[in-house]
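In: Sequence first, predicted coordinates after that:
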Amino acid sequence: MIKRRNFLALGAATLIAAPLAAPLLADAARAQSVDVEAILNDPEAPVGGNPKGDVTIVAYLDYNCIYCKKSAPDLERLVKEDGKIRLVYKDWPILSESSVVAAQLAIGTKFQGAYEKAHKALMGISGRQADQDAILKALKDAGVDMKRLQADLDKHGPKISALLQRNLAQADSLGLTGTPTYLVGPFRTGTLDYAGFKQVVADARDRQAN
């Protein structure tokens, strides 16, 4: 797990100048009481897997987190093979300015139905720190409609920023300290491989049955 830095805790960072740039996060939200319903069912948060699954995984991730990238293929595999997992994506850009850019762009693709495709592409960028060119290239190569993305960022920028603010506030309320963090039913965990994800999902199901 990569520990959270002071990137957002100190307030809003300066957005890298980019042609695809929505408004940046406002000052970091202060910690608040845990709102389970908001964490599980934020209507703006991208959702993958089975929307009616019997186990929900909430994934707090940063596109510059090497451990998030390491876990991503195993989590994707389990969700696909299991068929009964609901996956809630929480873009939580805490590591660098380019993390914020990547998160904004990823959420922007949601409006053209391409979030999971964009998410996979951004998680597939090699190295610890993705620059702006690499981020844009990954999205374009994945088949994202870049003109549509720009239009959606222009139109929905405040909504995207508000979602990132809520993700930050939720992470603060949970006392999260780094990425990745996965909430699997009643359990909280960090980096896992395929076997680890499979086991914690089984444990969550056992807990729900008892």
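Out: On my side now, so go ahead. Residues are numbered from 1 along each chain as shown.

In: Residue 129 and residue 166: what is the separation?
Out: 26 Å (Cβ to Cβ, to the nearest Å). Where C-beta positions appear, they are placed from N, C-alpha and C, glycine not excepted.

In: Between these two, tell me which one has more neighbours.
Out: In this view residue 129 and residue 166 are compared by other Cβ atoms under 10 Å, and residue 166 has more residues nearby, 18 against 12.

In: The helix or strand that one falls within packs against which elements?
Out: Using DSSP states H and E, residue 166 maps to helix 146-174. Contact analysis of helix 146-174 by 3 or more Cβ pairs under 8 Å, 6 or more residues apart in numbering; DSSP states H and E lists helix 36-41, strand 85-91, helix 97-108, helix 132-141, strand 181-184 as its packing neighbours.

In: Using neighbour counts, pick out the buried residues of the last one.
Out: So the one you mean is strand 181-184. 181-184 (16 or more other Cβ atoms under 10 Å).

In: Any stretches of this structure with poor pLDDT?
Out: 1-33 (pLDDT under 70).

In: Point me to the residue sitting closest to the centre of it.
Out: Nearest to the geometric centre of the chain sits residue 91, at 2.7 Å (Cα atoms, centre = their mean).

In: Now it: closest residue in space that isn't a chain neighbour?
Out: residue 103 (3.9 Å; Cβ to Cβ, 6 or more residues apart in numbering).

In: burial count for residue 147?
Out: By other Cβ under 10 Å, neighbour count at residue 147 equals 8.

In: Residue 103 versus that one, what's the distance?
Out: Residue 147 is 21 Å from residue 103, by Cβ to Cβ.

In: Next: residue 125.
Out: Taking Cβ to Cβ, one finds residue 125 at 13 Å from residue 103.

In: Identify the contacts common to the two.
Out: Residues touching both residue 125 and residue 103 by Cβ atoms under 8 Å, 6 or more residues apart in numbering: residue 63.

In: With neighbour numbers in mind, choose between those two.
Out: Taking other Cβ under 10 Å, residue 125 and residue 103 do not tie; residue 103 has more neighbours (26 against 18).

In: Please report how far that one lies from residue 151.
Out: Distance from residue 103 to residue 151, by Cβ to Cβ: 19 Å.

In: and of the helices and strands packed on helix 146-174, who's closest to residue 65?
Out: Relative to residue 65, the nearest member of those by Cβ to Cβ is helix 97-108, separated by 8.2 Å.
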